[in-house]
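Novice: below are the sequence and a predicted model for it; my questions follow.
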Amino acid sequence: MQLRTLILAAGRGTRMRSSLPKVLQPLAGRPLLEHVIDVAEDLEPIGVHVVYGFGGDHVMKAMEHRKVEWHEQADQLGTGHAVNQAMGAVHDDDVVLVLYGDVPLIQEETLQQLVHLAGESALALLTVKLNNPYGYGRIVRDARGHVLSIVEEKDTSEEQRDINEVNTGVLACKGGLLRRWINALENNNSQGEYYLTDVVALAVAANVPVHAFVTANAEEAFGINDKKHLAEAEAMYRKRVTDQLLIQGVTLVDPLRVDVRGDLACGQDVYIDTNVTFIGKVKLGDGVHVGPNCVIRDTQIEDGTVIHPNCVIEEAHFGPRCQIGPFARVRPQTYLGSQVKLGNFVEVKKSNIAKGSKVSHLSYVGDTTMGEGCNLGAGTITCNYDGVNKHKTKINAGVFVGSGTQLVAPVEVGEGAFIGAGSVITKDAPAGKLSIGRGRQVTIEDWKKPQKNK
């Protein structure tokens, strides 16, 4: 059995009140559509097809890194019409799974069961029971519980409005069956549209079995139409992720105040304080402690390292038992060996700092290689940019740099060298020697304090 997934993503999303197409609105830092593509790919289909419409150029550009086939719905004539735009790529023997670009919380396990129910000769629907079914198409069953049809909200009778089992829109069936029903759709309804939901009645009329799989988790069917829905989905997604972290043994001081916008892998005894945001792929080793108000993106942090409060870390790799912050900023392509200390208001960029070295206060280290056991005093700056090009600084093992020093790259400080406080070092400093680069201090004896003009 070959599976094709078909994602409907052509809606304008006017209730978003945004120039950004609805399916590109961000959930956990990524477009809604990308979440749906992810779950579609998890099913290992032979093809992922996306039907686009409003803002199509923006949608395709945002998803250009994903392997999907695109089909345009130039006119918005309903969900049935949207599906028909992709049917040219569907073979009769394919099983087609229809998904929606604005329903991003659906789970792989649920879809696997739905595809299994469809099998070779049935129509499978995903339904859900809601306390307040307003706005959804109702599942109409006969006295024996067999599905007869789906009636859209605007076309329901007074009796049908009381039905609490509703259609999610997600369905699966053989391509040949779907093609036959799509071609038979009519638009004689209040909206003048071709409803995909009408295929249910056509299936019943053709004596094709219709199986409704009722998901116990209503969040999976949650469709996003406005910014309020988007915020609600963000909370659902956050809870789903943090629940899993708690089950894995991660300590979260407040699960409501941790955001994971990507993939977070944690070892044992990881402690995460409040208001921490993880973006992209982040890996935390055993015993890592992350203080409050930190942002960590695409970073690996090894065992026993402590990230103190208010740090921003991007595309870095920290060895074991480091101490970072508070108020440190670590920029991309930074590698720290074990037991490195970066203190308060330290910024490091594109640098390699070896075991046991310390940059404790108010310093900038950029484009630098630093050996083991170095100590940079407060206010040390590597001057790596000449206004056009970046230049490298090399600080060998065991160097001590006094406070308020500027190392003007390209420059090398030899092993075990000392740099006097307040120096401007423009030439290589020899190993094991004290180098001082200061202007001569002068006192002006007859100097007078400036006065304001009367």
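Specialist: That came through fine.

Novice: can you pull out the helices in the chain?
Specialist: Remark: helices assigned in the chain by DSSP state H are 32-42, 56-62, 79-84, 108-118, 175-183, 199-205, 227-247.

Novice: of these, which stretch is the most buried?
Specialist: helix 79-84 (a mean of 23; mean count of other CB atoms under 10 Å). For glycine as for every other residue, the C-beta is placed from the backbone atoms N, C-alpha and C.

Novice: hmm, who's touching it?
Specialist: Applying CB atoms under 8 Å, 6 or more residues apart in numbering, the contact partners of helix 79-84 are 6, 8, 10, 51, 53, 73, 75, 98, 169, 178, 182-183, 185, 193-199.

Novice: what's the helix or strand bottoming out on mean pLDDT in the chain packed up against?
Specialist: In the chain, no helix or strand scores lower on mean pLDDT, DSSP states H and E than strand 147-151, which sits at a mean of 89. The elements that strand 147-151 packs onto, with contact taken as 3 or more CB pairs under 8 Å, 6 or more residues apart in numbering; DSSP states H and E, are strand 138-141, helix 199-205, strand 210-214.

Novice: now with 6 Å?
Specialist: On a contact count with 3 or more CB pairs under 6 Å, 6 or more residues apart in numbering; DSSP states H and E, strand 147-151 meets strand 138-141, helix 199-205.

Novice: could these go into JSON lines alongside mean pLDDT and distance to residue 313?
Specialist: Listed next are the helices and strands packed on strand 147-151 as JSON lines, based on pLDDT from 0 to 100; distance: least, CB to CB, whole Å:
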{"stretch": "strand 138-141", "mean pLDDT": "92", "distance to residue 313": "49"}
{"stretch": "helix 199-205", "mean pLDDT": "92", "distance to residue 313": "51"}
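
Novice: closest to residue 292 out of those?
Specialist: strand 138-141 (46.7 Å; CB to CB).

Novice: residue 391: what's it in contact with?
Specialist: By CB atoms under 6 Å, 6 or more residues apart in numbering, the residues touching residue 391 are 384, 409-410.

Novice: just give me the neighbour total for residue 65.
Specialist: Around residue 65 there are 7 other residues, counting by other CB atoms under 10 Å.

Novice: and for residue 335?
Specialist: Neighbours around residue 335, by other CB under 10 Å: 17.

Novice: out of the contacts of helix 79-84, which end up buried?
Specialist: 6, 8, 10, 51, 53, 73, 98, 169, 178, 182, 185, 193-199 (16 or more other CB atoms under 10 Å).

Novice: so which of the residues you listed belong to strands?
Specialist: 6, 8, 51, 98, 169 (DSSP state E).

Novice: ok, the residue nearest to residue 299 when sequence neighbours are not counted to residue 384 distance?
Specialist: Of all residues not flanking residue 299 in the chain, residue 316 sits nearest, at 4.8 Å (CB to CB, 6 or more residues apart in numbering). From residue 316 across to residue 384, the span is 17 Å (CB to CB, to the nearest Å).

Novice: with residue 366 instead?
Specialist: Distance, residue 366 to residue 384, by CB to CB: 4 Å.

Novice: about what we covered before: relative to residue 221, which of the helices of the chain is closest?
Specialist: That would be helix 108-118 among the helices of the chain, by CB to CB, at 9.3 Å.

Novice: now the closest one: average pLDDT?
Specialist: Average pLDDT, helix 108-118: 96.

Novice: got it, and stretch 45-62?
Specialist: For stretch 45-62, mean pLDDT rounds to 94.

Novice: ok, the closest residue in space to residue 224 that isn't next to it in sequence - contacts?
Specialist: Spatial nearest neighbour of residue 224, excluding adjacent residues (CB to CB, 6+ apart): residue 102 at 4.8 Å. When contacts are counted by CB under 6 Å, 6+ apart, residue 102 touches 22, 32, 223-224.

Novice: check residue 248 too.
Specialist: Listed by CB under 6 Å, 6+ apart, the contact set of residue 248 is empty.

Novice: and it, how far is that from residue 270?
Specialist: Residue 248 sits 9 Å away from residue 270, going by CB to CB.

Novice: same deal with residue 377?
Specialist: 33 Å.

Novice: quick one on the thing from earlier: in CSV: the helices of the chain, plus distance to residue 218.
Specialist: Listed next are the helices of the chain as CSV, based on distance: least, CB to CB, whole Å:
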stretch, distance to residue 218
helix 32-42, 17
helix 56-62, 27
helix 79-84, 21
helix 108-118, 12
helix 175-183, 26
helix 199-205, 21
helix 227-247, 10
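
Novice: go through the ones you listed and name the closest to residue 396.
Specialist: The minimum distance between residue 396 and the helices of the chain falls on helix 227-247, with 41.7 Å, by CB to CB.

Novice: what packs against the closest one?
Specialist: Using 3+ CB pairs under 6 Å, 6+ apart, helix 227-247 sits against no helix or strand.

Novice: quick one: mean pLDDT over that helix.
Specialist: 97.

Novice: and stretch 419-435, by the same measure?
Specialist: Mean predicted lDDT for stretch 419-435 stands at 97.

Novice: chain center to that stretch, what's the gap?
Specialist: 45 Å (CA atoms, centre = their mean, to the nearest Å).

Novice: now swap in stretch 194-211 and tell me
Specialist: 37 Å.

Novice: what's the first-to-last distance across that stretch?
Specialist: 22 Å (CA to CA, to the nearest Å).

Novice: just the residues contacting that stretch, thanks.
Specialist: By CB under 6 Å, 6+ apart, stretch 194-211 touches 77-81, 83, 117, 122-124, 137, 147-150, 167, 181, 184-185, 187.

Novice: now stretch 339-356
Specialist: 321-324, 326-331, 333-338, 357-373.

Novice: domains in the chain, as residue ranges please.
Specialist: What automatic domain parsing lists as the domains of the chain is 3-221, 238-435.

Novice: mind putting the ones you listed into CSV with distance to residue 232?
Specialist: Converted to CSV, those look like this (distance: least, CB to CB, whole Å):
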stretch, distance to residue 232
domain 3-221, 9
domain 238-435, 11
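
Novice: how close does the closest residue to residue 13 other than its chain neighbours get to residue 54?
Specialist: Spatial nearest neighbour of residue 13, excluding adjacent residues (CB to CB, 6+ apart): residue 22 at 2.6 Å. Using CB to CB, one gets 8 Å for the distance from residue 22 to residue 54.

Novice: what does residue 106 give?
Specialist: Residue 106 sits 22 Å away from residue 54, going by CB to CB.

Novice: and if you look at residue 81?
Specialist: Distance from residue 81 to residue 54, counting by CB to CB: 15 Å.

Novice: just to check, residue 23 is in contact with residue 32?
Specialist: Yes. The pair formed by residue 23 and residue 32 meets the contact definition of CB atoms under 6 Å, at 5.1 Å.
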